[in-house]
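Participant: Return a 3D structure for these sequence lines:
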Amino acid sequence: MGIPHHFLGYWGYGAQQELEALLTSVVENLSFRRGEALKFSTQENNPLPIWNVVYIGIDGNSPPQQNQIAAISASGLFSSPDAWVSLQENNCLILGREPFGRVPLYWTQQGQIIWFASQLQLLLPILQQSEVSIPGLYGYSCFSYVPTPLTPINQVFTVTAGTELVWQSDRQSGKLRSPESKNIHSWREAPEQLTDEATAITELQTLLKDSIERQIADLKDEPVGVFLSGGLDSSVVAALLVQAGVKVRAYTLDFGDTGISEYPYAEQVAQFIKIPLIKVAANPNSIKNALIPTVKALDLPFGDGVCVPLYLLCQRASQETQVIFNGEGGDQLFAGWTNKPLIAAGVYQAENPAGEETFIQQYLRTFHRLGGYESQVYQPDIYAQIQNLHPEDWLLAALDRNECPSLLHRLRRASLMLKGAQNIHPRATALGFAHGLWVRSPFCDLPLAEWTFRLSGELCLQGACEKYILKRAVENWLPPEIVWRQKRGMGVPLTSWCLNDFWHQLGIWLNPEVLRTHNHFYPHIAAQIVEGKLGAAIQGRRIGETLWLLIMWQLWRSHVLNEELSKQSWDHPFWLHRWLWRNYKIIRNS
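Facilitator: Here you go, the predicted model:
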């Protein structure tokens, strides 16, 4: 089965000796052992583009498919890679990704050479200078991830999920043409919709079982892990694995008394399907210790509070297995709970087309990040630079009415292309790979996903019941309390941690002098947030979520971009005990 790895390579016209020296120096400076290099191609008098690829990992290369010079798979099943690099006889380079977005693929052009890698950090030494991309920063602050094809670094881009980028070379001039983007898969509403509930249940049960069979085909007798929250999606995956005769160990998070406990639900599922359940503590101390390793493992900045707890799950699971299953993707396929307010917004927009907000603007607000607070968030230079950027533009393709005329299918398409392919799946893979885990997501199955676009809206969302057809299909596989309970998001207690356990750390992570020197965020933004002065909507749980968004970005700059920190200042409230600061505020405001 091997162990997860990454690759770095180049293609184009350049000085072969210099390119090889640069490639070698990058690999030698890594803490991983080098895999075997492939080959380069050149021909005197009639030059072809030269190329080389190096795999970076513990046990070398994956078996490439036809015409492929590099490939990577989140699951370890290389019959259908998630990201690939291939060459064609007519001097073409192709970089491609499958539509679920499980593994990113990055590229940059230096002269007439395209450098490509499966990890952003591998490309940083190739650049003469690594500068923060202001559009990437702005996108991150709006969504908690950097929208593709942007990255947080200038002149480095990522291939959008479900597309291929194709470069043609000109032998005579020795120059590369601009890349052409080809859409190789699009989530599209089927012209005929399935309305019969009994037929849908039978077909869905078969599709779910088939997906599991494909993902366990290479397993011998070794145990696998499953991340079990006690929610419907992960519980379905666990039940299907047990039905298929796989040895399963479940792992679940325990936030103690401060978060919304999912442990009782996970325990109920584990007992029902008779598998062992390992509880992984996600307390403030373990979160703090894992924070910087998580930032490094993620490679890209991801601002969701669930990232560090997921790192802890991967860390624990890696002690006992090499393959981990999750329930990611179920919300996107079956119209999870976040769709209900958007459907209401869509109906309102149809009735009131001249309303204050467009539907895309309402969709943007569902990310609950810093969109709309730009003048209070950024320093003047950055605020001026983002005036011509419109975050709604990053949503337009996903919400394309031509691909999905009906609102519910359009929302599911958007969720697959945005929150799924650009956030949930790539971060899950990155965290798994950092611990030597293959990551398998049975809901990321193309036949299953395409089938869901045949479902009538009533089968996905019936009244107030989301995921209706999935619940009906699995209701005999799990306890009814699990199948039919109301969905809640993972209760990561970010606000409690930030305002209590990490209070002093806020003054370090979001130090005003460091922020002032970076010249991006307003220096005293952390104090503004905790005082409730940034905006009326940033209260309660949003305080912790917003602080965490900023913390993850700043730590990414320090530990991935390796920027030197300036001297820290004391002009902030976080060096005081919080109770003392609260009393000071009362006196100051009286």
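
Participant: Show me where the stretch 251-400 of the chain has its strands.
Facilitator: 277-281, 323-325 (DSSP state E, counting those that start in this stretch).

Participant: Point out the other helices and strands that the helix or strand that residue 11 is a member of packs with.
Facilitator: Per DSSP states H and E, residue 11 falls inside strand 6-12. Under the contact definition 3 or more C-beta pairs under 8 Å, 6 or more residues apart in numbering; DSSP states H and E, strand 6-12 sits against helix 16-28, strand 50-56, strand 68-72, strand 83-88, strand 113-117, helix 120-123, strand 163-170. The C-beta positions use only the backbone N, C-alpha and C, and glycine is treated the same way.

Participant: do you know which of those lies nearest residue 427?
Facilitator: helix 120-123 (12.8 Å; C-beta to C-beta).

Participant: Which other helices and strands does that closest one contact?
Facilitator: strand 6-12, strand 106-110.

Participant: rerun at 10 Å
Facilitator: Other helices and strands packing on helix 120-123, by 3 or more C-beta pairs under 10 Å, 6 or more residues apart in numbering; DSSP states H and E, are strand 6-12, helix 16-28, strand 106-110, strand 113-117.

Participant: Residue 213 - how many residues pack around it?
Facilitator: 12 (other C-beta atoms under 10 Å).

Participant: tell me, how many neighbours does the spatially closest residue to it that is not a sequence neighbour end up with?
Facilitator: Excluding the flanking residues, the one nearest residue 213 by C-beta to C-beta, 6 or more residues apart in numbering is residue 244, at 6.7 Å. A count of nearby residues for residue 244, using other C-beta under 10 Å, gives 14.

Participant: What about residue 393, how many residues nearby?
Facilitator: By other C-beta under 10 Å, 11 other residues sit near residue 393.

Participant: Identify the residues contacting it.
Facilitator: Residue 393 sits next to 139, 147, 360 when contact means C-beta atoms under 10 Å, 6 or more residues apart in numbering.

Participant: Counting neighbours, which of the residues you listed comes out on top?
Facilitator: Using other C-beta under 10 Å as the neighbour criterion, residue 139 leads those with 26 neighbours.

Participant: now that one: how far from residue 76?
Facilitator: As judged by C-beta to C-beta, to the nearest Å, residue 139 and residue 76 stand 31 Å apart.

Participant: Retrieve the pLDDT associated with residue 4.
Facilitator: We have a pLDDT of 82 for residue 4.

Participant: residues near the residue nearest to residue 296 when sequence neighbours are not counted, how many?
Facilitator: Once flanking residues are discounted, residue 296 sits nearest to residue 559: 5.6 Å by C-beta to C-beta, 6+ apart. Per other C-beta under 10 Å, the neighbour tally for residue 559 reads 15.

Participant: isn't residue 559 right next to residue 509, touching?
Facilitator: No. Between residue 559 and residue 509 there is no contact under C-beta atoms under 10 Å: 11.4 Å.

Participant: so what sits against both of those two?
Facilitator: Counting by C-beta under 10 Å, 6+ apart, the shared contacts of residue 559 and residue 509 are residue 291.

Participant: so how far is residue 301 from the most centrally placed residue in the chain?
Facilitator: When C-alpha atoms, centre = their mean is applied to the chain, the residue found nearest the centroid is residue 423 (2.3 Å). As judged by C-beta to C-beta, residue 423 and residue 301 stand 11 Å apart.

Participant: tell me, what's touching those two both at once?
Facilitator: 144-146, 307.

Participant: follow-up on the earlier one: let me see the contact set for the residue nearest to residue 296.
Facilitator: With C-beta under 10 Å, 6+ apart, residue 559 has these contacts: 291-296.

Participant: so what's residue 143 closest to, chain neighbours aside?
Facilitator: Closest residue in space to residue 143, ignoring its immediate chain neighbours: residue 367 at 5.2 Å, by C-beta to C-beta, 6+ apart.

Participant: Make sure that neighbour is actually in contact with residue 361.
Facilitator: No. Shown here, residue 367 and residue 361 do not form a contact pair, counting by C-beta under 10 Å, at 11.5 Å.

Participant: Identify the contacts common to these two.
Facilitator: 391, 395.

Participant: rewinding a little: can you check which of the helices and strands packed on strand 6-12 gets nearest to residue 267?
Facilitator: strand 68-72 (35.6 Å).

Participant: Would you list the phi and psi of residue 438?
Facilitator: Main-chain torsions, residue 438, degrees, to the nearest 10: phi -80, psi 140.

Participant: Just give the nearest non-adjacent residue to it, would you?
Facilitator: residue 76 (3.7 Å).

Participant: Please apply the same query to residue 197.
Facilitator: Here the residue nearest residue 197, using C-beta to C-beta, 6+ apart, is residue 459, at 6.5 Å.

Participant: which element is that neighbour on?
Facilitator: helix 457-460.

Participant: circling back to that earlier point, wait, which of the helices and strands packed on strand 6-12 is closest to residue 287?
Facilitator: Closest among the helices and strands packed on strand 6-12, using C-beta to C-beta: helix 120-123, at 22.9 Å.

Participant: same question for the following helix or strand past the closest one, mean pLDDT?
Facilitator: Per DSSP H and E, the first helix or strand lying C-terminal to helix 120-123 is helix 134-143. Mean pLDDT, helix 134-143: 98.

Participant: Helix 134-143 packs against which elements?
Facilitator: helix 374-377, helix 380-385, helix 541-559.

Participant: lowest-pLDDT helix or strand in the protein?
Facilitator: One helix or strand of the chain scores below all others by mean pLDDT, DSSP states H and E: strand 34-37, with a mean of 46.

Participant: picking up where we left off before, filter the contacts of residue 559 down to the buried ones.
Facilitator: 291, 293-295 (16 or more other C-beta atoms under 10 Å).

Participant: State the distance from residue 285 to residue 505.
Facilitator: Distance from residue 285 to residue 505, by C-beta to C-beta: 12 Å.

Participant: More neighbours: which of these two?
Facilitator: Between residue 285 and residue 505, counted using other C-beta under 10 Å, the more crowded position is residue 505 (16 against 9).

Participant: Which residues are in contact with the more buried one?
Facilitator: By C-beta under 10 Å, 6+ apart, the contact set of residue 505 is 284, 288, 291, 497-498, 551, 574.
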